[in-house]
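Trainee: Build me a model from this:
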Amino acid sequence: MGLRALDTLSLGLGRTVEGILPSKSYLDDPEGTARKFCVMGKYKAVPNGSLMRTHPLGLRCLRKSVEESFQIAADFVVTHVDLRCVVSCAIVAALVRGLVLTKIYEERHVDELIETRLAWYNERREKELQRLDRQDEPSLLRNINNNIAEVSQHATAQKLADLKLDESYKIGYVYKTFGSAILHLRLALRQLKSSGQLFSQLTIFEKPITDLAIEGDDTDTNACFAYALLGALLCYKVLPPRWRNSLRHGTWLMEKSGGLCDVLGVAKGSYSGSRDKDAAEDG
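Mentor: Numbering: from 1, shown residues only. Here you go, the predicted structure:
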């Protein structure tokens, strides 16, 4: 149907989501339906769709503990069941939470959070291996050291070329999107530490995101996710003015963003979902 509020055409949901949500069994057993889809695809797809949608959960978790934020993000198994998707989402939700709360402001904080999440990832894997219906899943059977090494490899890249974003047969791979955003966050933290000036902050968005787009791979998703982490760190005011002020539906978007922040208690406002016609069933 598209987005009726703006009279726009429908956009692609992504092969994974589009293959799972219409299933008759989904409402009764979303995780089971997602796992069945994964089995039919022979566990080959480890897409970035869940990661792309995770960052708003960071705001939802501001009043939650770090552990609670991990579990909330892990609920993305309702569409993306591979553990590589799960651990990526868990790290990201906690990162956004920590950035907004200004608890993450140095690279070492990023490293510490990732290390903690990898330990959580291993514990979750061991628990799931005990389930008879899960013991043949490739993402669980993969050597844990190899899994951790792959996360670390993408999380510690020093430049975009290290990530091989346009690598054949890995376009849209969840760790590519994860790694490119973590790299941009690291670069921003380094730049802030070295200067801390507003002028410097204004340069953090445009060139890195442009470079990321030119690099290839699933460009829109990579940029969306990298922007989310940079936005959580730097806030709205340091967006490039010509980008920020030229959004086609900028006023509408800001109203919705303000409403979300109001509902989540991030900011004070007067938003009322019952009075928002766009939030109606036919909105």
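
Trainee: so who does the spatially most central residue of the chain touch?
Mentor: In the chain, the centroid-proximal residue (CA atoms, centre = their mean) is residue 51; its distance is 3.3 Å. By CB atoms under 8 Å, 6 or more residues apart in numbering, the contact set of residue 51 is 85, 88-89, 92, 174, 177-178, 221, 225. Placement of C-beta: from N, CA and C, glycine included.

Trainee: excluding its backbone neighbours, what's nearest it?
Mentor: Nearest residue to residue 51, sequence neighbours excluded (CB to CB, 6 or more residues apart in numbering): residue 88, at 5.1 Å.

Trainee: which among the contacts of residue 51 gets closest to residue 63?
Mentor: Within the contacts of residue 51, proximity to residue 63 (CB to CB) peaks at residue 92, which comes in at 18.1 Å.

Trainee: doesn't residue 178 make contact with the closest one?
Mentor: Yes - counting by CB atoms under 8 Å, residue 178 is a contact partner of residue 92 at 7.4 Å.

Trainee: With neighbour numbers in mind, choose between these two.
Mentor: Neighbours were tallied for residue 92 and for residue 178 using other CB atoms under 10 Å; the higher tally belongs to residue 92 (28 against 25).

Trainee: Pull out the CA atoms of the helix or strand containing the more buried one and give them to me as PDB.
Mentor: Assigned by DSSP states H and E, residue 92 belongs to helix 83-100. The C-alpha atoms that make up helix 83-100 are tabulated as PDB, following Å, rounded to 0.1, in the frame of the first residue of the first chain:
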ATOM      1  CA  LEU A  83      22.800 -15.700  15.500                       C
ATOM      2  CA  ARG A  84      25.000 -13.400  13.500                       C
ATOM      3  CA  CYS A  85      22.000 -11.100  13.000                       C
ATOM      4  CA  VAL A  86      21.100 -11.500  16.700                       C
ATOM      5  CA  VAL A  87      24.500 -10.500  18.100                       C
ATOM      6  CA  SER A  88      24.800  -7.500  15.700                       C
ATOM      7  CA  CYS A  89      21.400  -6.200  16.700                       C
ATOM      8  CA  ALA A  90      22.200  -6.700  20.400                       C
ATOM      9  CA  ILE A  91      25.400  -4.700  20.100                       C
ATOM     10  CA  VAL A  92      23.700  -1.900  18.200                       C
ATOM     11  CA  ALA A  93      20.800  -1.400  20.500                       C
ATOM     12  CA  ALA A  94      23.200  -1.100  23.400                       C
ATOM     13  CA  LEU A  95      25.500   1.200  21.500                       C
ATOM     14  CA  VAL A  96      22.600   3.700  20.700                       C
ATOM     15  CA  ARG A  97      21.500   3.500  24.300                       C
ATOM     16  CA  GLY A  98      25.000   4.200  25.600                       C
ATOM     17  CA  LEU A  99      25.600   7.000  23.100                       C
ATOM     18  CA  VAL A 100      22.400   8.900  23.800                       C
END
